[in-house]
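Can you look at this prediction? I've put the sequence above it.
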Amino acid sequence: MVLTELDHLLTARTGARAAGNALDFVAGRAEARRFEIPDTAPHLRAAMAVMRGYADTDGGAGVGLADAMNVALAAAFRTTFLFATDGHFRMMRPLTGEPAFRLLPDAL
């Protein structure tokens, strides 16, 4: 997903605030149908909310769009199963109200 790379590059080069502003711009244009991103805007907004909620974690680096999008999509698909080796998911909570994610392959 190009947006995850945009988020990563902007966060690394200009900081989390600039990356958030860029994502807000893209999401706003998608919502206004100025950018064509099929069925992404609601998930992107949910992911951005996750990013804001975890902004102070990981030594202040927070979580990136890729991890946050996985949380948002898990909620959309009503699942707590994620395939990940990323330690972020051990501290993050599902948006569905469940106490924790079940991480694969560890949960097998």
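Sure thing, it's come through.

Beyond the helix or strand hosting H8, next helix or strand please.
Assigned by DSSP states H and E, H8 falls within helix 2-14. Moving toward the C-terminus from helix 2-14, the next helix or strand (DSSP H and E) is helix 16-31.

List the buried residues in that following helix.
A16, A19, G20, A22, L23, V26, A27, A30 (16 or more other CB atoms under 10 Å). All C-beta atoms are positioned from the backbone trio N, CA, C, and that covers glycine.

One more: stretch 66-73?
A66, D67, A68, M69, N70, V71, A72.

What of stretch 87-96?
H88, F89, M92, R93, P94, L95.

Quick one: residues contacting the third one.
Under the criterion of CB atoms under 8 Å, 6 or more residues apart in numbering, the neighbours of M92 are V50, Y54, V63, D67, V71, F101.

ok, it to A84 distance?
10 Å (CB to CB, to the nearest Å).

just the strands in the chain please.
81-83, 102-104 (DSSP state E).

What about L3, how many residues nearby?
By other CB atoms under 10 Å, 19 other residues sit near L3.

Please work out how many residues are found near the closest residue in space to it that isn't next to it in sequence.
Closest residue to L3 apart from its sequence neighbours, by CB to CB, 6 or more residues apart in numbering: L65 at 6.1 Å. Neighbour count for L65, taken as other CB under 10 Å: 25.

Might you report the residue contacts of L65?
By CB under 8 Å, 6+ apart, L65 lies in contact with L3, T4, L6, D7, H8, A19, L23, A47, M48, M51.

So the fourth one sits against A19, correct?
It refers to D7. Yes: applying CB atoms under 8 Å as the test, D7 and A19 come out as touching, 5.1 Å apart.

which one of the strands of the chain lies closest to T40?
strand 81-83 (19.1 Å; CB to CB).

by contact count, what packs against that closest one?
The contact analysis (3 or more CB pairs under 8 Å, 6 or more residues apart in numbering; DSSP states H and E) places strand 81-83 against helix 65-76, strand 102-104.

Now render those as a markdown table, adding mean pLDDT.
As requested, the helices and strands packed on strand 81-83 are exported to a markdown table (pLDDT from 0 to 100):
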| stretch | mean pLDDT |
| --- | --- |
| helix 65-76 | 91 |
| strand 102-104 | 88 |
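
Many thanks, have a good one.
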